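Colleague: With the input below, show me the fold.
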Amino acid sequence: MNRSLLPLGELKEGEKGIIRRLSQGDLSLKLLEMGFLPGESVTIEKIAPLGDPISVKVGSYLLSLRKEEANVVMVQQQ
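Modeller: Predicted coordinates for the structure are as follows:
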């Protein structure tokens, strides 16, 4: 099944995806350094009541991202 890419910030709590690419220059570099590497699995752990920030698990790390940052990460939903 061929699934299209969507921004990480569009996933719901508990949903998983595979990182396929990052879509913005300087912010992409910061996210790459934090472990958001293409091919890595990512899970939405918790979303704040107003939708920002988002707690995500990537690799063995639990990180908090603003929705704006999460939307730079393009994932293929699992």
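
Colleague: Are we agreed that Leu63 is in a helix?
Modeller: No - judged by DSSP: H, G, I helix; E, B strand; the rest coil, Leu63 forms no part of a helix; its state is strand.

Colleague: Quick check: bridge partners of the closest residue to it other than its chain neighbours?
Modeller: Spatial nearest neighbour of Leu63, excluding adjacent residues (CB to CB, 6 or more residues apart in numbering): Val56 at 5.6 Å. C-beta coordinates here come from the backbone N, C-alpha and C atoms, glycine included. Per DSSP bridges, the residues bridged to Val56 are Ile44, Leu63.

Colleague: before we move on, what about Val73?
Modeller: Beta bridges link Val73 to Leu22, judged by DSSP bridges.

Colleague: Was I right to think it contacts Leu31?
Modeller: Yes - taking CB atoms under 8 Å as the definition, Val73 is a contact partner of Leu31 at 6.3 Å.

Colleague: State the number of residues packed around Gly14.
Modeller: Residues near Gly14, counting by other CB atoms under 10 Å, number 10.

Colleague: Show the contacting residues for Asn71.
Modeller: Asn71 is in contact with 7-10, counting by CB atoms under 8 Å, 6 or more residues apart in numbering.

Colleague: What residues of the longest helix along the chain count as buried?
Modeller: As assigned by DSSP state H, the longest helix anywhere in the chain is helix 25-33. For helix 25-33, the neighbour count (16 or more other CB atoms under 10 Å) marks Leu31 as buried.

Colleague: So that it lines up with my notes, have the first residue be 782 from now on.
Modeller: OK, 782 is where the count begins now, so the last one is helix 806-814.

Colleague: Next, the angle strand 842-846 makes with it.
Modeller: Put simply, helix 806-814 runs at 160 degrees to strand 842-846, going by axes from the mean of the first three to the mean of the last three CA atoms, to 10 degrees.

Colleague: by contact count, what packs against helix 806-814?
Modeller: strand 797-803 (3 or more CB pairs under 8 Å, 6 or more residues apart in numbering; DSSP states H and E).

Colleague: Format the CA atom coordinates belonging to the longest helix of the chain as CSV.
Modeller: The C-alpha coordinates for helix 806-814 follow below in CSV (Å, rounded to 0.1, in the frame of the first residue of the first chain):
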residue,chain,number,x,y,z
GLY,A,806,16.7,24.5,6.2
ASP,A,807,17.9,25.7,9.6
LEU,A,808,15.2,24.0,11.6
SER,A,809,15.8,20.7,9.7
LEU,A,810,19.5,20.8,10.9
LYS,A,811,18.4,21.2,14.5
LEU,A,812,15.9,18.4,14.2
LEU,A,813,18.5,16.1,12.5
GLU,A,814,20.8,16.7,15.4
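
Colleague: Great, nothing more from me.
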